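Q: dropping a prediction and its sequence here:
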Amino acid sequence: MSTLRRRPRSSGPQSSEPLVELRPGLYRWTVRHPEARENPTPGSPADWGPEVGCVAYQGPTHLILIDPLVPDDRPDLRDALGELLRRGGRRRHVAILTTLKFHRRSRDELLMYFFDATVPNPEGVEKVPIRGAGETMMWIPEHRALVPGDRLIGDDAGGLRLCPDSWLRYLPSGMRAPELREALRPLLDLPVEMVLVSHGEPVLRGGRDAIARVLDA
């Protein structure tokens, strides 16, 4: 899917600041996904809100973008990311990371836009594979921030929840909620403060406790 060429539905007036700085050098933005459905069936694979979250992090050597979505009607986002790159000092390169295959989003287009962008293992971010779940979460130790893809999402009440079982049906592992909880349990070994989810509101403090509540539910 070409997200820089396809014009999604408008999500209304845009903020004057396209990127929200959560900590020095750590940013998040949200944008309407062009494939979001207006009235999805609850619990179905399409049951996710139209606004999705993306993360930018000024790491030691790269400007790191995680699951970025930059629609072509949001030049303000491209300009803001370009400005982060310009003022990044020695961080003159872009690394684009993807948590799972459905979050390629604008990856290929941004690899072309930032002509020297790569998909490497940049300094400052550790990959956390979730075994059997088809997902690799990203861990940013400097900010104690965990960036999941689909397996942990916001619960609309300030916390977290597991994704619906329907989101797991394509997995060869046959994983369902009980197995997913066990696969996520190693996350409790990390001193997580923030959980920057793609779907729903992020958890900005007490992230490890929020994960523990999900796993003990």
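A: Yep, that arrived.
Q: hey, let's count contacts and neighbours off CA atoms from now on
A: OK.
Q: buried residues, the helix-or-strand element of the chain with minimal mean pLDDT. List them.
A: Every helix and strand of the chain was ranked by mean pLDDT, DSSP states H and E. The lowest is helix 107-113, at a mean of 87. Residues of helix 107-113 classed as buried: 107-111 (neighbour count, 16 or more other Cα atoms under 10 Å).
Q: how far away is Asp150 from Ala133?
A: Note on Asp150: its distance to Ala133, by Cα to Cα, to the nearest Å, is 10 Å.
Q: following the helix of greatest length in the chain, which helix or strand comes up?
A: For the chain, the helix with the greatest residue count under DSSP state H is helix 75-86. As assigned by DSSP states H and E, the chain's next helix or strand after helix 75-86 is strand 93-97.
Q: run the angle between that following strand and helix 75-86 for me.
A: Here strand 93-97 points in a direction 120 degrees away from that of helix 75-86 (axes from the mean of the first three to the mean of the last three Cα atoms, to 10 degrees).
Q: alpha carbons only: can I get strand 93-97 in PDB?
A: The C-alpha trace of strand 93-97 is given here as PDB (Å, rounded to 0.1, in the frame of the first residue of the first chain):
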ATOM      1  CA  HIS A  93      20.800   9.200   9.000                       C
ATOM      2  CA  VAL A  94      17.300   7.700   9.300                       C
ATOM      3  CA  ALA A  95      16.500   4.200  10.400                       C
ATOM      4  CA  ILE A  96      12.900   2.800   9.900                       C
ATOM      5  CA  LEU A  97      11.800  -0.100  12.200                       C
END
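Q: elements contacting that strand?
A: Packing contacts for strand 93-97, counted by 3 or more Cα pairs under 8 Å, 6 or more residues apart in numbering; DSSP states H and E, involve strand 62-66.
Q: what about 10 Å?
A: strand 51-58, strand 62-66, helix 75-86, helix 107-113, strand 135-140 (3 or more Cα pairs under 10 Å, 6 or more residues apart in numbering; DSSP states H and E).
Q: which one of those is the most hemmed in?
A: strand 62-66 (a mean of 26; mean count of other Cα atoms under 10 Å).
Q: mind giving me the packing neighbours of that one?
A: Packing contacts for strand 62-66, counted by 3+ Cα pairs under 10 Å, 6+ apart, involve strand 26-32, strand 51-58, helix 75-86, strand 93-97, helix 107-113.
Q: can you tell me which of the ones you listed is nearest to Gly43?
A: Set against Gly43 and scored by Cα to Cα, those come closest in strand 51-58, at 17.3 Å.
Q: any idea of the angle that closest one forms with helix 75-86?
A: Using the same axes, to 10 degrees: strand 51-58 against helix 75-86 is 20 degrees.
Q: mean confidence for strand 51-58?
A: Mean pLDDT, strand 51-58: 94.
Q: chain center to it, what's the gap?
A: 6 Å (Cα atoms, centre = their mean, to the nearest Å).
Q: Phe114 is in contact with Gly82, isn't it?
A: Yes. Contact criterion Cα atoms under 10 Å: Phe114 and Gly82 qualify, at 8.4 Å.
Q: what is in contact with these two at once?
A: Taking Cα atoms under 10 Å, 6 or more residues apart in numbering as the criterion, Phe114 and Gly82 both touch Val94.
Q: quick revisit: got TSV for the helices and strands packed on strand 93-97, with distance to His199 too?
A: TSV is the format used below for the helices and strands packed on strand 93-97 (distance: least, Cα to Cα, whole Å):
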stretch	distance to His199
strand 51-58	5
strand 62-66	14
helix 75-86	19
helix 107-113	18
strand 135-140	14
